[in-house]
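Engineer: Pasted the sequence and its predicted model underneath.
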Amino acid sequence: MRNALPSPAAPSAPSASSASSRSGGRPGARSGVRSGASGTPDETPPGPAGDGPGGSLRAGLSGGRVLDNLGVGVFSVDADWTIISFNPEAERITGFSAAEAMGRKCWEIFHTEYCNRNCHLQQAIQSGKTVARRQVHYLTRDNRRVPLEITASPLRGERRRIRGGVQCFTDRFGPAEDEARNAPDDVLRGVICRDPRMIELFTTARAVASTDASILFTGETGTGKDVMARSIHAMSPRRAGRFIKVNCAALPDRLLESELFGYKAGAFTDARKDKPGFFELAEGGTLFLDEIGEIPLELQAKLLQALEDRQFYPLGSSRPVSVNVRLLSATNADLTRRIAQGFFRADLFYRLRVLELHMPSLRERTADIVPLAEHFLAWAAEHYGKKTTHLDDSAKRLLVRHPFPGNVRELKHVIEQAVILSEGKTLAASVFQPILKRREPEKRLPAPPDESARTLVDRERDVILQALMENDWSIQRTAVSLNINRTTLWRRMRKYGI
């Protein structure tokens with residue numbers, strides 16, 4: 001949302017990875033006003049002019065309580081992209097109070113995938129017209145992605161000059177959307193698959209969705225394990241509850257326990273107030289643990305107990321918390337080999353794998369490559385404002401022959417790059433050749449031989465040491481041979497003093 005107005009330019013919006021730090025910002029100086037506008041967004045707000053940038057806007061927006069009673073979230077910004085109103089429904093959806101939000105830049109509070117490009121509020125302000133009913137994903141203060149429907153409009157000051165903007169948003173979709181959400185048979189209609197194995201897989205998914213059984217998704221990275229997990233949740237009796245995804249490899253070992261199970265105030269130095277974990281946040285819904293093989297051994301026992309007993313102890317608490325959550329998990333590692341190496345508990349593995357769904361690689365389902373590519377092309381063209389409309393036959397043949405070691409995720413990135421670089425309406429093989437040439441298939445090294453050890457922890461250290469020596473202490477090659485990522489390997493080396 002940069003440079004949309006001729007007034008002072010806004011600083012660069014933060015990336016999504018910095019969103020978790022947003023909750024620590026200063027409260028707005030104008031926290032006495034929550035929201036409000038007595039007119040519609042395109043009307044001139046009442047109030048005196050000439051009292052500084054956005055002054056008339058603030059006066060108009062604080063003059064009534066109409067927006068306080070609307071069933072949608074509303075915030076408005078002045079010419080500097082500073083939030084000047086924030087209604088109660090906006091507080092509920094975002095988790096930020098009006099006092100925290102007002103006076104802050106809009107992207108610090110309301111961050112979506114469009115903040116750095118194609119911002120809808122920016123489009124409305126630049127065009128002077130309302131941008132209505134766009135679908136976005138809002139990144140909450142606890143790093144959850146929440147689907148929202150937004151409408152953005154310009155705000156006009158004296159002489160109908162555009163002096164800011166207003167954005168309305170809701171996480172409660174209309175009757176048509178609600179009906180679709182509540183109809184399990186409709187969930188898979190938009191799924192793109194032509195391959196018989198994938199069709200059979202989604203048929204199985206529909207059959208098991210109605211149960212509460214734990215499901216382990218296996219397969220290479222980028223094969224769509226996340227999509228399958230979300231589809232099962234959407235078809236399940238728990239679809240009205242939350243779907244929370246946690247990437248176990250993305251969180252340090254010490255942080256992972258507190259994020260999963262929460263903590264009580266005083267549990268550690270910075271724990272100033274109680275914080276619920278992902279298990280509690282997913283109450284009544286589904287918790288999806290991606291890269292489950294990266295959970296440290298010490299935490300695996302607590303996870304197993306939570307699954308068996310349906311209760312756990314938050315850090316610093318002597319009282320158990322009972323939960324009603326369905327657990328789905330995914331891995332691209334060979335967990336049976338990890339068990340033999342001493343990295344994973346066999347009892348937890350069997351508890352997670354009541355059912356197993358294996359996702360085939362893209363090179364095993366070549367019938368899906370062209371339909372998926374055309375889908376990603378349409379998305380990228382709209383997202384980047386390009387005129388590209390289709391692939392020619394040479395491009396289709398080239399894509400079908402490519403091995404795509406990164407699977408569907410790699411295909412999406414390849415199409416996205418091609419759309420960005422192309423100026424025409426048609427993508428030919430010549431556009432893809434330099435892109436694909438820079439991508440080499442993954443090379444896997446053999447795993448180190450299995451050895452016995454005194455305990456699981458001792459054995460883990462021995463296996464890591466042996467793998468490091470066999471790979472000349474190369475972190476990259478050692479991580480590949482152990483089938484773990486480099487971050488996890490570094491953490492375990494520090495843990496064992498290697």
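Structural biologist: That came through fine.

Engineer: From the structure, what's the count of residues near residue 164?
Structural biologist: Neighbour count of residue 164, defined by other C-beta atoms under 10 Å: 31. Glycine gets a C-beta too; all of them are placed from N, C-alpha and C.

Engineer: strands paired with the helix or strand it falls within, and their directions?
Structural biologist: Using DSSP states H and E, residue 164 maps to strand 162-170. Sheet pairing here is set by DSSP bridges, and for strand 162-170 it gives strand 73-77 (antiparallel), strand 145-156 (antiparallel).

Engineer: what's the model's confidence in that strand, averaged?
Structural biologist: Average pLDDT, strand 162-170: 89.

Engineer: Ok, stretch 129-139 next?
Structural biologist: Mean pLDDT, stretch 129-139: 81.

Engineer: Stretch 405-422 too?
Structural biologist: Across stretch 405-422, the average pLDDT comes to 92.

Engineer: and what of stretch 293-302?
Structural biologist: Averaged across stretch 293-302, pLDDT comes to 91.

Engineer: ok, so what distance separates the residue lying closest to residue 296 once chain neighbours are set aside from residue 304?
Structural biologist: Of all residues not flanking residue 296 in the chain, residue 253 sits nearest, at 4.6 Å (C-beta to C-beta, 6 or more residues apart in numbering). Noted for residue 253: a distance of 17 Å to residue 304, by C-beta to C-beta, to the nearest Å.

Engineer: Repeat that for residue 381.
Structural biologist: Relative to residue 304, residue 381 is positioned 47 Å away (C-beta to C-beta).

Engineer: the helices in the stretch 201-350 of the chain, which residues?
Structural biologist: Applying DSSP state H, counting those that start in this stretch to the stretch 201-350 of the chain gives helices spanning 225-235, 253-261, 278-281, 297-309, 335-341, 346-352.

Engineer: Kindly state the domain boundaries assigned to the chain.
Structural biologist: As assigned by automatic domain parsing, the chain contains the domains 16-172, 179-358, 365-437, 456-495.

Engineer: Doesn't residue 467 belong to a strand?
Structural biologist: No: secondary structure of residue 467 (DSSP: H, G, I helix; E, B strand; the rest coil): helix, not part of a strand.

Engineer: Which secondary structure element of the chain has the lowest mean pLDDT?
Structural biologist: Ranking every helix and strand in the chain by mean pLDDT, DSSP states H and E puts helix 175-181 at the bottom, with a mean of 39.

Engineer: can you pull the contacts of residue 357?
Structural biologist: Residue 357 makes contacts with 201, 204, 205, 215, 216, 217, 218, 228, as judged by C-beta atoms under 8 Å, 6 or more residues apart in numbering.

Engineer: Can you list phi and psi of it for me?
Structural biologist: Main-chain dihedrals, residue 357, degrees, to the nearest 10: phi -120, psi 120.

Engineer: Need the pLDDT of it.
Structural biologist: We have a pLDDT of 95 for residue 357.

Engineer: ok, so what distance separates it from residue 163?
Structural biologist: 53 Å.

Engineer: Likewise for residue 195?
Structural biologist: Counting by C-beta to C-beta - residue 195 and residue 163 are separated by 54 Å.

Engineer: Which residue ranges of the stretch 1-150 of the chain form helices?
Structural biologist: Counting by DSSP H, counting those that start in this stretch, the stretch 1-150 of the chain has these helices, from start to end: 55-61, 88-94, 98-101, 106-109, 120-127.

Engineer: Quick one, which of those helices gets closest to residue 494.
Structural biologist: Residue 494 lies closest to helix 106-109 among these, at 33.3 Å (C-beta to C-beta).

Engineer: helices or strands up against the closest one?
Structural biologist: Counting by 3 or more C-beta pairs under 8 Å, 6 or more residues apart in numbering; DSSP states H and E, the packing neighbours recorded for helix 106-109 are strand 73-77, strand 83-86.

Engineer: Now render those as TSV, adding mean pLDDT, distance to residue 241 and mean neighbour count.
Structural biologist: TSV is the format used below for the helices and strands packed on helix 106-109 (pLDDT from 0 to 100; distance: least, C-beta to C-beta, whole Å; neighbours: other C-beta atoms under 10 Å):
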stretch	mean pLDDT	distance to residue 241	mean neighbour count
strand 73-77	90	21	27
strand 83-86	92	27	29
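
Engineer: how about those, which one is nearest residue 433?
Structural biologist: Residue 433 lies closest, by C-beta to C-beta, to one member of the helices and strands packed on helix 106-109: strand 73-77, at 44.6 Å.

Engineer: where's that closest one relative to the chain centroid, distance-wise?
Structural biologist: Centroid separation for strand 73-77 versus its chain: 23 Å, with C-alpha atoms, centre = their mean, to the nearest Å.

Engineer: and the gap between residue 197 and residue 206?
Structural biologist: Look at residue 197 and residue 206: by C-beta to C-beta, they are 15 Å apart.

Engineer: ugh, wrong one, I meant residue 88
Structural biologist: Note on residue 88: its distance to residue 206, by C-beta to C-beta, is 39 Å.

Engineer: Tell me where the model's unsure across the stretch 51-200 of the chain.
Structural biologist: Residue ranges of the stretch 51-200 of the chain with pLDDT under 70: 51-70, 141-145, 172-190.

Engineer: my read: residue 217 touches residue 225, true?
Structural biologist: Yes: shown here, residue 217 and residue 225 form a contact pair, counting by C-beta atoms under 8 Å, at 4.0 Å.

Engineer: Between those two, which contacts overlap?
Structural biologist: Common contact partners of residue 217 and residue 225 (C-beta under 8 Å, 6+ apart): 330, 359.

Engineer: Skipping its backbone neighbours, what lies nearest residue 258 in space?
Structural biologist: Closest residue to residue 258 apart from its sequence neighbours, by C-beta to C-beta, 6+ apart: residue 315 at 5.5 Å.

Engineer: what's the burial count for the one you found?
Structural biologist: When counting by other C-beta under 10 Å, one arrives at 16 neighbours for residue 315.

Engineer: Does it touch residue 257 like I think?
Structural biologist: Yes: under the criterion of C-beta under 8 Å, residue 315 makes contact with residue 257 at 6.6 Å.

Engineer: tell me the contacts of residue 73?
Structural biologist: Neighbour list for residue 73: 87, 89, 90, 92, 93, 94, 168, 169, 170 [criterion: C-beta under 8 Å, 6+ apart].

Engineer: how far does stretch 109-125 stretch from start to finish?
Structural biologist: 19 Å (C-alpha to C-alpha, to the nearest Å).

Engineer: Repeat that for stretch 216-233.
Structural biologist: Separation of the first and last residues of stretch 216-233 by C-alpha to C-alpha is 14 Å.

Engineer: re the thing from before, next, format the helices of the stretch 1-150 of the chain as a markdown table and append distance to residue 403.
Structural biologist: A markdown table is the format used below for the helices of the stretch 1-150 of the chain (distance: least, C-beta to C-beta, whole Å):
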| stretch | distance to residue 403 |
| --- | --- |
| helix 55-61 | 56 |
| helix 88-94 | 43 |
| helix 98-101 | 48 |
| helix 106-109 | 39 |
| helix 120-127 | 38 |
